[in-house]
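In: fold the following.
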Amino acid sequence: MIKVVLDTNILFAGLYSANGASFKVLQHLAAERLQIVLSTPLLFEYEDVLKRNQLKLGLDDAKIETILDNLCAYSQFQKVYFLWRPFLPDAKDDLVLELAVAAQVSTIVTHNQKDKVGIDKFGVEAITPKMLLERIT
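Out: Modelled structure (predicted):
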């Protein structure tokens, strides 16, 4: 099973539209063909993004809690003891990188590859959902 870290933009895109690769990634997660690694800070970031956009996503608080609970159920939890900040321009991207490094996961799935320049120094790559789907199938 492939282990990855999902950037928040993948979760948002997958919940926003059932037509794209991000939605298919979430389907693979639910079908247990994929496992995500999760940390407490990233879970809080997911919650923040979903709650800020709940009208756009058509989700109420109860549905958001259910989504987050399901993500936790399909995830491997990883504590992050060492921070590499600041490394990337956005601190929220740093928490995704730190999680990947701590969990020894070599892949971050994101729509913002350009924001992850230099992460190869940590043995981590940033790929799009489409690229991940090509690897899975």
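In: drop to CA atoms for contacts and neighbour counts, all remaining ones
Out: Fine.
In: buried stuff in the worst-scoring helix or strand of the chain on mean pLDDT?
Out: Across the helices and strands of the chain, mean confidence by mean pLDDT, DSSP states H and E is lowest for helix 91-103: a mean of 86. Neighbour-count burial for helix 91-103, counted by 16 or more other Cα atoms under 10 Å, picks out Asp93, Asp94, Leu95, Val96, Leu97, Glu98, Leu99, Ala100, Val101, Ala102, Ala103.
In: ok, stretch 48-65 next?
Out: Using 16+ other Cα under 10 Å as the test for burial, stretch 48-65 gives Leu50, Lys51, Gln54, Leu57, Leu59, Ile64.
In: and the next element down the chain from the least confident helix or strand of the chain?
Out: The helix or strand immediately downstream of helix 91-103 is strand 107-109, counting by DSSP states H and E.
In: for that next one, the distance to its chain's centre please.
Out: Strand 107-109 sits 8 Å away from the centroid of its parent chain (Cα atoms, centre = their mean, to the nearest Å).
In: counting by contacts, list what it packs against.
Out: strand 2-6, helix 91-103, strand 125-127 (3 or more Cα pairs under 8 Å, 6 or more residues apart in numbering; DSSP states H and E).
In: dump those into a markdown table; add distance to Asp115 as well.
Out: Shown next, in a markdown table, are the helices and strands packed on strand 107-109 (distance: least, Cα to Cα, whole Å):
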| stretch | distance to Asp115 |
| --- | --- |
| strand 2-6 | 14 |
| helix 91-103 | 8 |
| strand 125-127 | 9 |
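In: closest one to Leu71 among these?
Out: strand 2-6 (10.7 Å; Cα to Cα).
In: which regions of this structure lie under the pLDDT threshold?
Out: 82-91 (pLDDT under 70).
In: quick revisit: which of the buried residues of helix 91-103 sits closest to Ala21?
Out: Val96 (20.0 Å).
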